[in-house]
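1. Build the 3D model from these lines:
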Amino acid sequence: MIASPASLPQPKSGPELLLLHALPLDGSMWAKQMHLLPDATYAPSLYCAGDTLHAWARAALEPVKGDNIIVVGCSVGGSCALEVAMIAPERVSSLVLIGTKARHRPDPALHARALRVIEEDGVEAAWETYWAPLFSRATNAAVIGQAKRMALRHSPGEIARGVSVFHTRPSRDDCLSAFPGRVTIVSGADDVAPGPKISASQAEAALDGHLRIIPECGHYVPLERPGALTQILAEVIAAQRREPRTR
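-> Numbering: from 1, shown residues only. A predicted model of the protein is given here:
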């Protein structure tokens, strides 16, 4: 359960960044943000962490030391960020959710179809079917190619595990609306999953919600518009240093 604002202690440690990757990518998608807190940034790759989002969240928390964690997640990584906040509410001070939909309605047919494509046709076919269309048309082809190569580094089994974690994740809109710290919702203007409209409603639902829409950008903001995301994260870090938790 999320702790109430009154029950949350003041953080004793400096801010740390926990960066949680999207499908079908890995922790290297955050290369342009690793310098923000160079001695206190963690970007794990989670495919081997288990078969549930809860297991991924627990594994992601293991290397993090303090109680002033800014958890940043893209897509399923954002869902994992919400799960981290459920597991360790006393340690998470801020959330940054990129291309994330907190409410989840399972679609077993889509889940089964995606697994079938991966098993029968391979990761590259799944990339072209499910993930390549999530980039903005304005995004440089070299960036998309880099992301595709990142995806193809992983085995079909790893990507299938990630797909199942995504499709079996719990609905966490209750966590979003109850989390007492700062919640920054980020969406590419051209994103369709979930997109600016749902992102705006989620920012409104949060107790301390902030909405940032990135122009000429699709689902994968850390890769498509890394400079814009770096600026947003720098602002969140500065706010956390200035006013760690005043609730």
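
2. gap between the two ends of stretch 58-69?
-> Stretch 58-69 has an end-to-end distance of 14 Å (criterion: C-alpha to C-alpha, to the nearest Å).

3. in the protein, which spans are helices?
-> 53-61, 76-87, 108-121, 123-126, 141-152, 156-167, 173-178, 196-205, 221-224, 226-242 (DSSP state H).

4. Identify whichever of those helices lies nearest to residue 17.
-> Nearest of the helices of the chain to residue 17, taken as C-beta to C-beta: helix 226-242 at 7.3 Å. The C-beta positions use only the backbone N, C-alpha and C, and glycine is treated the same way.

5. Just the pLDDT for residue 220.
-> The per-residue pLDDT reported for residue 220 equals 98.

6. Does it touch residue 132 like I think?
-> No. Counting by C-beta atoms under 8 Å, residue 220 sits too far from residue 132 to count as a contact (10.4 Å).

7. Of these two, which one has the most company?
-> Taking neighbours as other C-beta atoms under 10 Å, residue 220 and residue 132 compare with residue 220 leading, 26 against 14.

8. List the residues that contact that one.
-> Contact analysis of residue 220 by C-beta atoms under 8 Å, 6 or more residues apart in numbering lists 22, 25, 29, 74, 75, 99, 134, 135, 147, 188.

9. List phi and psi for it.
-> phi -100, psi 70 (degrees, to the nearest 10).

10. sorry, back to before: what I need now is the contacts of residue 220 written out in TSV, including neighbour count and pLDDT for each item.
-> Shown next, in TSV, are the contacts of residue 220 (neighbours: other C-beta atoms under 10 Å; pLDDT from 0 to 100):
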residue	neighbour count	pLDDT
22	27	98
25	26	98
29	24	98
74	29	98
75	27	98
99	29	98
134	22	98
135	23	98
147	24	98
188	29	98
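
11. Name all residues that make contact with the nearest residue to residue 137 once chain neighbours are set aside.
-> Excluding the flanking residues, the one nearest residue 137 by C-beta to C-beta, 6 or more residues apart in numbering is residue 190, at 7.1 Å. The contact partners of residue 190, taken as C-beta under 8 Å, 6+ apart, are 136, 137, 138, 216, 217, 218.
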